[in-house]
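Colleague: below are the sequence and a predicted model for it; my questions follow.
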Amino acid sequence: MKTSLEEYLSAYGIKSSGFKLAVILVLSGLTSINAYAHRGAQEEVDACKTRLGFERVHFTAYTPTLTGDAEYCDIIPGLGPTKLVFDYEGKRLRNLNIEFEITKEPEGTRIFYQEPQLIKTGTTNGSVDFSQYGAGHYLAHIAIVDKDKRLDSHIPFSVGLESLPGKSYMPQLVIIGSLFLMVYGLFRVAQKETPNHTPET
């Protein structure tokens, strides 16, 4: 003879309504954790890109002597020889003269400059040893220079000021712990609300 879920729960003094509520809370909590873990793909602003006219330029920095082939952009954690790479995402910029410059802020001191030129490959790079200029805030300037016209954009980044934030699971653990405490509390309340019946002999 099959026992229904409600009869099974009643045998343990748990109201099915409380159990259903607990299940709903757990499922909704797991959904929110999943959303939290994957959130940001569309919401986050890519600090490594800047718009130049109708096209985008991607900025990447490498510190091979310090961190091998690890990629950085808005936060470069170590001071040392750094390779700077600029990639065009579209093809229009390949037919225009583009100028690149790195300045240290807030004083605006130029530490790297590449004169305006056509870059048919869509990728250009340069090298800067930031240990010569010290930790601080910097700007990567990218400009279209066409006769008497100029259109520029920039990407801010820091060098040697902070380490990259690691991936933290603490928010997910807090949510999971809270959900289990809530479910446990609901079970306790359900047990108190249901009177104990002594089985008849």
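Modeller: Cool, the structure landed.

Colleague: for residue 158, give me its contacts.
Modeller: 74-76, 135-138 (CB atoms under 8 Å, 6 or more residues apart in numbering). In this view, the C-beta of every residue, glycine as well, is placed from N, C-alpha and C.

Colleague: tell me if it really is in a helix.
Modeller: No: with DSSP: H, G, I helix; E, B strand; the rest coil as the criterion, residue 158 is strand rather than part of a helix.

Colleague: which residues does it bridge with?
Modeller: The partner list for residue 158 in beta bridges (DSSP bridges) reads residue 75, residue 137.

Colleague: name the nearest residue to residue 128, ignoring sequence neighbours.
Modeller: Distances taken as CB to CB, 6 or more residues apart in numbering place residue 112 nearest to residue 128, at 4.9 Å, with adjacent residues excluded.

Colleague: what's the local residue count around that neighbour?
Modeller: Residues within reach of residue 112, counting by other CB atoms under 10 Å, total 18.

Colleague: Provide the strand pairings for the helix or strand where it lies, with the direction of each partner.
Modeller: With elements taken from DSSP states H and E, the one containing residue 112 is strand 109-118. Paired with strand 109-118 in the same sheet, following DSSP bridges, are strand 97-105 (antiparallel).

Colleague: and the furthest pair within the contacts of residue 158?
Modeller: Taking CB to CB, the two most distant members of these are 74 and 135; they sit 14.7 Å apart.

Colleague: most surrounded residue in the contacts of residue 158?
Modeller: Most neighbours among those, by other CB under 10 Å: residue 76, with 26 neighbours.

Colleague: could you report the neighbour count for residue 132?
Modeller: Residue 132: 10 neighbours (other CB under 10 Å).

Colleague: that one and residue 112: what is the separation?
Modeller: 11 Å (CB to CB, to the nearest Å).

Colleague: and residue 156, by the same measure?
Modeller: Distance from residue 156 to residue 112, by CB to CB: 15 Å.

Colleague: so what touches stretch 106-121?
Modeller: 84, 88, 93-104, 124, 126, 128, 132-133, 137-138, 143, 145.

Colleague: repeat the analysis, applying 10 Å as the threshold.
Modeller: Applying CB atoms under 10 Å, 6 or more residues apart in numbering, the external contacts of stretch 106-121 come out as 82, 84, 86-88, 91, 93-104, 124-130, 132-133, 136-146, 150.

Colleague: output the lowest mean pLDDT helix or strand found in the chain.
Modeller: Lowest mean confidence among the helices and strands of the chain (mean pLDDT, DSSP states H and E): helix 16-38, at a mean of 48.

Colleague: now the following helix or strand past that helix: mean pLDDT?
Modeller: Following helix 16-38 in sequence order, the next helix or strand is strand 49-52 (DSSP H and E). Strand 49-52 shows a mean pLDDT of 91.

Colleague: cool, stretch 107-118 as well?
Modeller: Here the average pLDDT along stretch 107-118 is 96.

Colleague: could I get the CA-only coordinates of it as PDB?
Modeller: The C-alpha coordinates for stretch 107-118 follow below in PDB (Å, rounded to 0.1, in the frame of the first residue of the first chain):
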ATOM      1  CA  GLU A 107      50.200  64.900 -14.100                       C
ATOM      2  CA  GLY A 108      49.700  63.700 -17.700                       C
ATOM      3  CA  THR A 109      53.400  62.800 -18.300                       C
ATOM      4  CA  ARG A 110      53.900  61.000 -21.500                       C
ATOM      5  CA  ILE A 111      55.800  57.700 -21.100                       C
ATOM      6  CA  PHE A 112      55.000  56.000 -24.400                       C
ATOM      7  CA  TYR A 113      54.200  57.400 -27.900                       C
ATOM      8  CA  GLN A 114      53.500  55.900 -31.300                       C
ATOM      9  CA  GLU A 115      53.000  58.400 -34.000                       C
ATOM     10  CA  PRO A 116      49.900  58.200 -36.300                       C
ATOM     11  CA  GLN A 117      50.100  55.400 -38.800                       C
ATOM     12  CA  LEU A 118      48.100  52.900 -40.800                       C
END
